[in-house]
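Asker: sequence and computational prediction follow.
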Amino acid sequence: MRHRAKRSLGQNFLVDANLQHKIVDAVGAGAADEVLEIGPGKGALTRHMVDRVGRLVLVELDDRLADHLAERYGEREKVEVVHGDVLKVDLQAYLRDPAKTLVVGNIPYNITTPIIFRLLERPRPASIVLMVQDEVADRVVAPVGSKAYGALSVGVRSVASVERLFKVGRGAFRPVPGVDSAVIRITPFRPEPIDIEEEVALRTLVRAAFQWRRKQLRKILRDHPDLGIDPEGIERALQSAGAQPADRPERVDPEGFVAMARSLFG
Ligand code: SAM
């Protein structure tokens, strides 16, 4: 189909067939699996999955592309085309068994982080394979203490394991974007490592910590407007994470943040 790519929707279509296969292989879905694809576009990944998987839910925001997908695949019983915004539609409502779903997407660059956090809402899927900017992949897998380590690294790795699978040069897309990409796999932990209240507390803590990433932990815990912890609470929290009062947030690993959230709000 002829389609003028919309930059506002992050439309960079993957035209390299080898890479299309490689991504679909990384999802590893078979006849018993339900797959949720985010931003299928012109079907670069969809076409390699449609005969392979048990069920396919396609969420596409672009009017013309969604119509085209519905025309092409709508007749198939196992395919459901959802014309909507992945950040707004009730994804669970379209899935038979959300906790077993395999998610895949070459997702729009401008909303990568919100999409990752959306996909990590409970009940979390079995696995998530995403094409993201190379720099975002770096942040997701960044080692503790490195410059790229931050709220995204901790947010994802406190609830899931992550792998950077392979790099994808910008030349594999049309139109050619300004940056390279990488494919990552996020595999949510089973069983859930933290309960829901602790998770809410963890999000607040991590956001506050990295908003003030140059400050020392003691000061953040005491003075950040979202925290305001008393001295004994601070002592306990630091101990639980094996951290020192003068440490900066980037010194605390994801397990340390979970331990602190538990000690502060558990
Ligand atoms: N999967 C196709 C491929 O690999 O060639 C298209 C990838 S393109 C980078 C991103 C796709 O996401 C586009 O089709 C775009 O229209 C769609 N999209 C953008 N924002 C969206 C949103 N909020 N919800 C669902 N789809 C969206």
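Answerer: Nice, thanks for sending it over.

Asker: mind listing the strands for the stretch 101-250 of the chain?
Answerer: 102-106, 127-133, 160-168, 173-174, 181-188 (DSSP state E, counting those that start in this stretch).

Asker: those: which one's closest to R248?
Answerer: Within the strands of the stretch 101-250 of the chain, the stretch nearest R248 is strand 160-168; the backing value is 22.2 Å (Cβ to Cβ). Every C-beta, even on glycine, is put in place using the N, C-alpha and C of the backbone.

Asker: the closest one pairs with which strands, parallel or anti?
Answerer: Here strand 160-168 is paired, per DSSP bridges, with strand 181-188 (antiparallel).

Asker: go through the strand it pairs with and flag the buried ones.
Answerer: 181-186, 188 (16 or more other Cβ atoms under 10 Å).

Asker: show me how the record splits the chain into domains.
Answerer: By the assignment in automatic domain parsing, the chain contains the domains 7-188, 196-265.

Asker: need the ones you listed in JSON lines with distance to the ligand and mean pLDDT, can you?
Answerer: Converted to JSON lines, those look like this (distance: least, Cβ to the nearest ligand atom, whole Å; pLDDT from 0 to 100):
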{"stretch": "domain 7-188", "distance to the ligand": "2", "mean pLDDT": "97"}
{"stretch": "domain 196-265", "distance to the ligand": "22", "mean pLDDT": "96"}
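
Asker: which single one of the buried residues of strand 181-188 is nearest to G145?
Answerer: Distances from the buried residues of strand 181-188 to G145 were compared by Cβ to Cβ; the smallest belongs to I184, at 20.5 Å.

Asker: now render the buried residues of strand 181-188 as CSV, adding distance to S240.
Answerer: As requested, these are arranged in CSV below (distance: Cβ to Cβ, whole Å):
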residue, distance to S240
S181, 38
A182, 34
V183, 35
I184, 29
R185, 30
I186, 26
P188, 23
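
Asker: about what we covered before: make TSV out of the domains of the chain and add distance to M1.
Answerer: Rendered in TSV, the data for those read as follows (distance: least, Cβ to Cβ, whole Å):
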stretch	distance to M1
domain 7-188	6
domain 196-265	41
